[in-house]
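1. what's the 3D shape of this:
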Amino acid sequence: MRSYRAQRKKIARERIARLLDLAEQRALQGDLDLATRYVELARKLGMKYLVRIPRHFKRRFCKHCYTYLQPGNNCTVRLTRRHLAIHCHACGAITRIPYGGQP
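-> The predicted structure follows:
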């Protein structure tokens, strides 16, 4: 039998995934304000129930202003030899994500 805390975390993970899927759908429809609000709600759930947001979801929003990112619309994505650079147009922040091994 699962503990009450484990059940709450499982439900929180499911809700976070659902909210971020809805954010993606809204962004594709052109409603970036609502997509950003869904990101905000998902983050609040994660903080309240101490649940990590999965990596593939984390890369969909800006780490600085928490705006839902849609490449070509409100962010620019560039590849260099060592990292992926994501430039958010809302706040001007640049997030660098390393990839690949040492040369």
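
2. from here on, just use CA atoms for contacts and neighbour counts.
-> Fine.

3. what packs against the strand or helix carrying R5?
-> For R5, the host element (DSSP states H and E) is helix 4-29. Secondary structure elements in contact with helix 4-29, counted by 3 or more C-alpha pairs under 8 Å, 6 or more residues apart in numbering; DSSP states H and E, are helix 32-48.

4. which other helices and strands contact the helix it packs on?
-> Under the contact definition 3+ C-alpha pairs under 8 Å, 6+ apart, helix 32-48 sits against helix 4-29.

5. torsion angles phi and psi at the residue nearest the centre of the chain?
-> Nearest to the mean C-alpha position of the chain, counting by C-alpha atoms, centre = their mean, stands K58 at 3.3 Å. Here is the backbone geometry of K58 (degrees, to the nearest 10): phi -60, psi -30.

6. so how far is R43 from it?
-> 10 Å (C-alpha to C-alpha, to the nearest Å).

7. how far away from the center of its chain is the least confident helix or strand in the chain by mean pLDDT?
-> Lowest on mean pLDDT, DSSP states H and E among the helices and strands of the chain sits helix 55-58, with a mean of 91. Chain-centre distance of helix 55-58: 5 Å, with C-alpha atoms, centre = their mean, to the nearest Å.

8. so what touches the next helix or strand after it?
-> Counting by DSSP H and E, the next helix or strand C-terminal to helix 55-58 is strand 75-79. Outside strand 75-79, the residues that touch it by C-alpha atoms under 8 Å, 6 or more residues apart in numbering are 69, 71, 84-89.

9. ok, and for the helix holding R5, which residues are buried?
-> 9, 12-13, 15-17, 19-24, 26-27 (16 or more other C-alpha atoms under 10 Å).

10. list only buried entries from the contacts of strand 75-79.
-> For these, a burial check counting by 16+ other C-alpha under 10 Å picks out 69, 84-88.

11. those in strands, which ones?
-> 84-88 (DSSP state E).

12. how about TSV for the residues you listed, with pLDDT added?
-> Below are these laid out as TSV (pLDDT from 0 to 100):
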residue	pLDDT
L84	93
A85	95
I86	95
H87	97
C88	97
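
13. could those residues go into JSON lines alongside distance to T95?
-> Shown next, in JSON lines, are those (distance: C-alpha to C-alpha, whole Å):
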{"residue": "L84", "distance to T95": "8"}
{"residue": "A85", "distance to T95": "6"}
{"residue": "I86", "distance to T95": "5"}
{"residue": "H87", "distance to T95": "7"}
{"residue": "C88", "distance to T95": "8"}
